[in-house]
Each structure stands twice: as structure tokens, then as C-alpha cells.
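Colleague: Sequence and predicted structure are below.
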Amino acid sequence: MKSSHAHILVLEPPPIMIICGDQFLKNFRLLKAWESQLPLDQFLTIHAQSVQALLSSGRYSLTADILQLLPSLRLVVTTSAGLNHIDLPECRRRGISIANAKDTYSEDVADMAVGLLIDVFRKISSADSFVRKGLWPTKGDFPLGSKLGGKRVGIVGLGSIGQEVAKRLQAFGCRISYCSRNKKPYVSYPFYSSVIQLATDCDVLIVCCGLTQQTHHMINKDVMLALGKEGVVVNVGRGAIIKEEELVQCLVQGELGGAGLDVFENEPKVPGELFALDKVVLSPHTAVRTAETLIAMCELVKGNFEAFFSNKPLLSPVVLNN
Ligand SMILES: O=CC(=O)O
């Protein structure tokens, strides 16, 4: 590895650094933009020639304008599974390689999706608040929940997260079907090419896909009305896959039975109307945040940078299709 060239630009401290510090990258020279007093564009201009590699956490958009300030950039390693913060066509045009989390987080995200769903059906968060507020002795019985087993669950996006969700919910006795770009030959769950049709035939939709131009606002009012008044939506993908305004409207007006949301359209802003609704469970984009998995992520990040600076194949390359 040619360490003299091994500069890595880090725009903001990624969650892996919160848990692992930056010692795992001690063989590289880290350029930490957030520690500089300079405005970002000046900081990038100063380091423009030396930066061949960048570490991103997914929170900072890597737009064509930012990438333009980095003419020597050849690699982006993102600690996210999602790629919606990166201008992919621009990376393809510039020949910039990308490595991401691949399926490192899939089990944790699937656990979270199932947790949110159970919470909505069995009202765990709302029961917790009922007990803490001292309402049990005065108000008596808590409202009935709804049984998970037997529910018809539609998985939107049967990638590695979706498959982990399916596996878990099958064990709970749910009936799984899915909607995806293409039918997956290796699973026997019923396939739907239309999300509306899937919603019509299901009690629950679990959004597990990535955010792209095709999936942006894919879950709109029509889909939620098709799911129905008892229907539940869980989102562990990205906020903007659901038209949030219409989700809020459907929940407030009783046109949708409940929601479990780990992601939102304008994070960290969450629509205030949701705070008053017991049938909604909210989480601050924490599905990937377990200590064990973030430690595994440090190894993957390190391995990708080592491979890049030694001219070896990346460990988790993203294939950029035309
Ligand atoms: O949301 C988190 C991720 O994309 O990894």
C-alpha cells in the first residue's frame, strides 16, 4: 500500500467512528472536514489534488457539485447500504468506484422492521407509556392489540433486508408475498409487479427497498387506501419512498390502521401530527445501529480502503449499471 497517497476525506463523523473511533483507519491520513474552520468548498479546494478516496456515512449528499471539487477522487466508501445520497450517474461518468455496506446491516434492519410491526400490533410503546404515566390503576384495562400470526404481509423490495424480514415473519405464521422490480426465481412467495395490487391483497406493507427515481413516493394515498383502514405500513427503507404528507393524512383520518417508521422524508424532522397517534411507532433511523454490526462495518470499511490503495478488488463494490 502506498501510504503517501492514502488520504481519505471524511465529510462528517460516521456512526462507526462514534463507536470505533478512528484507530481502525490509522494507516491512512484522514482529512476530517468537520474539524476545519474553513467552509467546505474551500476545504475541498485545498485538498482537491490529494483526495483519491472519500468515506461517507450517507447523511451528506455527494452531488455532482461536490464531486466536481475533487478531480482526483477515484473511490467513495459509504457506510450505508442505501446509495440515494450519491450522484451515481456522475460517479459512473467519472469512473469513481463505490463500495457500500452491502448486506452487513440486513439482519439488524429486518429485526427492527419486525420489532416495529409487533409494536404497532401489540401496542408495546403505547402500553409502556400507559404504565409509566400511572394510568393502569385509574383507567383500568388497556385496549386490545391485534394478532401477528396469520397476517398477510407484503414486502416491498425483496433484497437481502426483505428476505430476512420474510424469513422472520414466516416463523411468526404470517403469509408472505412481495413486490419487486423482477420476480425472484429462488423464492416461492407470491410475486406482484404492482404495489397497489400487493396492498389490496395484504394487511401489512413493509418497505425494504432502496430510494431511487422509480421508488420515490411509490407508497402514496392510493396504495394506502388499497391496504385499508386496518392496514399497517412499516418503513425501514427511506422516508421518501412513502409520500409522507399522504401517510400522515391517512393515519389522522383513520384511513390507515397504523405505521411503524424508522425513516422520514426530511430527517431529523418528523411530522408533529404523528406524535399524538398511539397507532404509530416512531424511531430515529436506528435500524442499522447495533454495536456488533457497526464493529463489523469498521472491518469492511478498512478492508475496502486497503484493497483500493493496494490495487486489489474492493470487498463490497457497487455495480453501477448503465
Ligand atoms: O439507512 C441506513 C443505510 O442505508 O445503511
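Modeller: That came through, no problem. Numbering: from 1, shown residues only.
Colleague: Every contact and neighbour count from this point should use C-alpha atoms.
Modeller: Noted.
Colleague: Tell me who's in contact with the residue of the stretch 51-200 of the chain found nearest the ligand.
Modeller: Nearest to the ligand, among the residues of the stretch 51-200 of the chain, is S80, at 3.2 Å (C-alpha to the nearest ligand atom). Contacts for S80 (C-alpha atoms under 8 Å, 6 or more residues apart in numbering) come out as S57, G58, N100, A101.
Colleague: Tell me where the model's unsure across this structure.
Modeller: Where the chain drops to pLDDT under 70, the residues are 1-5, 322.
Colleague: Any idea how many residues pack against V252?
Modeller: By other C-alpha atoms under 10 Å, the residues close to V252 number 16.
Colleague: can you check F264 too?
Modeller: A count of nearby residues for F264, using other C-alpha under 10 Å, gives 24.
Colleague: In a helix, it, correct?
Modeller: No. In this structure, F264 is coil, not part of a helix, as judged by DSSP: H, G, I helix; E, B strand; the rest coil.
Colleague: nearest residue to it other than its sequence neighbours?
Modeller: Distances taken as C-alpha to C-alpha, 6 or more residues apart in numbering place G239 nearest to F264, at 3.7 Å, with adjacent residues excluded.
Colleague: ok, that neighbour to the ligand distance?
Modeller: Noted for G239: a distance of 10 Å to the ligand, by C-alpha to the nearest ligand atom, to the nearest Å.
Colleague: Kindly report the same for M297.
Modeller: Distance from M297 to the ligand, by C-alpha to the nearest ligand atom: 10 Å.
Colleague: Let me see the backbone angles for that residue.
Modeller: The phi/psi pair for M297 (degrees, to the nearest 10) reads phi -60, psi -40.
Colleague: That one contacts V77, correct?
Modeller: No. Counting by C-alpha atoms under 8 Å, no contact exists between M297 and V77, whose distance comes to 11.1 Å.
Colleague: residues near the nearest residue to G95 once chain neighbours are set aside, how many?
Modeller: Nearest non-adjacent residue to G95, counting by C-alpha to C-alpha, 6+ apart: R74, 6.9 Å away. Counted by other C-alpha under 10 Å, the residues lying close to R74 total 17.
Colleague: about what we covered before: most neighbours out of the contacts of S80, which is it?
Modeller: N100 (26 neighbours).
Colleague: Give the bridge partners for the closest residue to it other than its chain neighbours, please.
Modeller: If the residues on either side of it in the chain are set aside, N100 comes closest to T78, at 4.9 Å by C-alpha to C-alpha, 6+ apart. In this entry, T78 is beta-bridged to S56, by DSSP bridges.
Colleague: T78 reaches A101, doesn't it?
Modeller: Yes. Under the criterion of C-alpha under 8 Å, T78 is in contact with A101, at a separation of 6.9 Å.
Colleague: Tell me the secondary structure at the residue of the stretch 51-200 of the chain closest to the ligand.
Modeller: Of the three states, S80 takes coil under three-state DSSP.
Colleague: My read is that the residue nearest to F264 contacts V263, right?
Modeller: Yes. With contact defined as C-alpha under 8 Å, G239 counts as touching V263 (4.7 Å).
Colleague: Compare those two (neighbour count), which wins?
Modeller: Using other C-alpha under 10 Å, the more surrounded residue of G239 and V263 is V263, with 24 against 21.
Colleague: Would you mind measuring from the more buried one to A110?
Modeller: Distance of V263 to A110, computed by C-alpha to C-alpha, to the nearest Å: 14 Å.
Colleague: My guess is I161 contacts S106. True?
Modeller: Yes. Using C-alpha under 8 Å, I161 makes contact with S106 at a distance of 4.5 Å.
Colleague: Could you name every residue contacting both of these two?
Modeller: Listed contacts common to I161 and S106 are nil; contacts here mean C-alpha under 8 Å, 6+ apart.
Colleague: Have a look at those two and say which one is more surrounded.
Modeller: Using other C-alpha under 10 Å as the criterion, I161 and S106 rank with I161 on top: 26 against 23.
Colleague: Next, see if the helix or strand that one falls within gets close to the ligand.
Modeller: Using DSSP states H and E, I161 maps to helix 160-171. No. Applying C-alpha under 6 Å from any ligand atom, one finds helix 160-171 separated from the ligand by no less than 10.7 Å.
Colleague: Good, we can wrap up now.
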